[in-house]
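> Below are the sequence and a predicted model; questions follow.
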Amino acid sequence: LEKALQINRSTFGEQHPETAATYCSMGNAYRSERDYNEALQMYEKALQIQLATLGERHPALAITYGNMGNTYHRKCEHGRALELHEKALQIQLSTLGEQHP
C-alpha cells in the first residue's frame, strides 16, 4: 500500500480523492493488524482530503467516518465510536435517502 500511495501522490497529488482512498485502505490494513492509532491517523488524513475535495456531504465521507467509528469501537472508546457512526448515518441519509439498500 505504501507503493500505491507513492504512485497516487505522484499521479494525482496529495489532495485528490484517489489518494484519500489509499489512505483509507492503509487505515483498514492497520486496523486489521490491531494498530488502531496508526489506522486512525490514516483515516484522518483521508478525511481531511475528502472534506477539501468532496465537501462535507459526500458518501465517501460516511465510509471514512464509519471506519473511524469501527476503530474507536475496537479501542473500547464507545462514545467516540457512536459520534462517528452518527455522522456517517446522517451523511448517508442526506445523500442516499432512507430507502437506499
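Great, that's in hand.

> going forward, measure contacts and count neighbours with C-alpha atoms only.
Noted.

> Which residues does stretch 73-91 contact?
36, 57-59, 61-66, 68-72 (C-alpha atoms under 8 Å, 6 or more residues apart in numbering).

> how about 10 Å then?
31, 34-37, 56-72, 92-93, 95-98 (C-alpha atoms under 10 Å, 6 or more residues apart in numbering).

> what does stretch 28-42 give?
1, 20-27, 43-44, 46-47, 67-72, 74-75.

> Which ones among the residues you listed map onto strands?
With strands defined by DSSP state E, no entry of those lies inside them.

> Mind checking which of the residues you listed land in helices?
Using DSSP state H, the subset of the contacts of stretch 28-42 located in helices is 20-27, 43-44, 46-47, 67-72, 74.

> Those, buried ones only, as a ChimeraX selection?
Of the ones in helices among the contacts of stretch 28-42, the buried ones go into a single ChimeraX selection, burial set by 16 or more other C-alpha atoms under 10 Å:
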select :20,21,22,23,24,25,26,27,43,44,46,47,67,68,69,70,71,72
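
> pLDDT averaged over the strand or helix carrying L82, what's the number?
Assigned by DSSP states H and E, L82 belongs to helix 78-96. The average pLDDT for helix 78-96 rounds to 96.

> Give the buried residues for it.
For helix 78-96, by 16+ other C-alpha under 10 Å, it's 80-82, 84-89, 91-93.
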